[in-house]
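Visitor: For reference, the sequence and a predicted model appear below.
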Protein chains: 2
Amino acid sequence: MSEQTFLVLTALADEPRHGYGVVQRVQELSDGRVRLRVGTLYGVLDRLVADGWAEPDREEIHQGRLRRYYRLTGAGETALAEQTRRLAANVDAASAVLRARGHWPRSAEVRA
Amino acid sequence: MSEQTFLVLTALADEPRHGYGVVQRVQELSDGRVRLRVGTLYGVLDRLVADGWAEPDREEIHQGRLRRYYRLTGAGETALAEQTRRLAANVDAASAVLRARGHWPRSAEVRA
DNA sequence: CGCTATATATCGTCTTCTGATATATGTGGA
DNA sequence: TCCACATATATCAGAAGACGATATATAGCG
């Protein structure tokens, strides 16, 4: 699972969001590192729906503009939890190796 | 950076390894989750070398078979450390959201 | 003699991310 | 009034990367 997909799942797990809201939330979640292009967003969103990890929630007209909301499904939540464990395991493995190399003096950084 | 690339970097950070050794180490590091196909491996390895994150180390004949070793460069170590911090931040973000959803009763799992 | 593990490498295909493009409305400044 | 910018949707072509299949070759074991 790509970082983009992971962050979109996390954004939706927070609460149902519309496309543009997901873009903003992902940017917040990643401290500005990940700015989703709309092409990426809709590709990810379509795939999440196709895989049963997200589904249409509702549509709203906000200030004259349509907002199409998506929500996380139970399967999506499970997938996110599993992927999170997986990433955490990878972080632990890499941290151990880096520490052994003398790198990584401030272990607090990975744990913070 | 894909999980495959991340684990190959981690395997090389451990110590210089040859292709087949990387495949085995990645499988160990990931608790059997990631079994690199050779097509993936050489693609990753070539890209790491092209990016200056890994370089040829030495060649050995071991039991009649050639072993081509690769080692991590300084830039590779930096990249691995940065990516590890990045992943750790994503894990923290997702963990917070999952906890808020009532999911994730055993926080020790992410932290272990 | 054949099977499995070790060890290298290439190739076509599929998935996925990116950048470009298109359309449209509300807001704020010049 | 007009322009730029943020908001909001959607599509498409191209590039990158992962995967499965395939090929070649030796050592060890039954």
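Guide: Cool, got the structure.

Visitor: what about the longest helix in chain A?
Guide: Counting by DSSP state H, the longest helix found in chain A is helix A:74-100.

Visitor: And the pLDDT for the closest residue to DNA strand D within chain A?
Guide: Across chain A, the shortest distance to DNA strand D (C-beta to the nearest atom of the strand) belongs to A:Gly19, at 2.7 Å. The way it works is simple: take the backbone N, C-alpha and C, and place the C-beta from them, glycine included. On pLDDT, A:Gly19 comes in at 93.

Visitor: Then the one 5 residues further on?
Guide: Model confidence at A:Gln24, expressed as pLDDT, equals 93.

Visitor: check which helix or strand covers it.
Guide: helix A:19-29 (DSSP states H and E).

Visitor: report the angle between the axes of that helix and helix B:74-100?
Guide: Orientation of helix A:19-29 against helix B:74-100 (axes from the mean of the first three to the mean of the last three C-alpha atoms, to 10 degrees) gives an angle of 120 degrees.

Visitor: average model confidence for stretch A:58-78?
Guide: Stretch A:58-78 carries an average pLDDT of 93.

Visitor: on that earlier part again, near DNA strand D, anything from the longest helix of chain A?
Guide: No. Helix A:74-100 is not in contact with DNA strand D by C-beta under 7 Å from any atom of the strand; minimum separation 12.9 Å.

Visitor: How about that helix and DNA strand C, any contact?
Guide: No. Remark: helix A:74-100 sits outside contact range of DNA strand C, by C-beta under 7 Å from any atom of the strand, the gap being at least 12.1 Å.

Visitor: Flag every buried residue along that helix.
Guide: Buried residues in helix A:74-100, counted by 16 or more other C-beta atoms under 10 Å in any protein chain shown: A:76-77, A:79-81, A:83-95, A:97-98.

Visitor: Would you mind measuring from A:Gly43 to chain B?
Guide: Applying C-beta to the nearest C-beta, to the nearest Å, the value for A:Gly43 to chain B is 17 Å.

Visitor: pLDDT score for that residue?
Guide: We note a pLDDT of 92 for A:Gly43 in this prediction.
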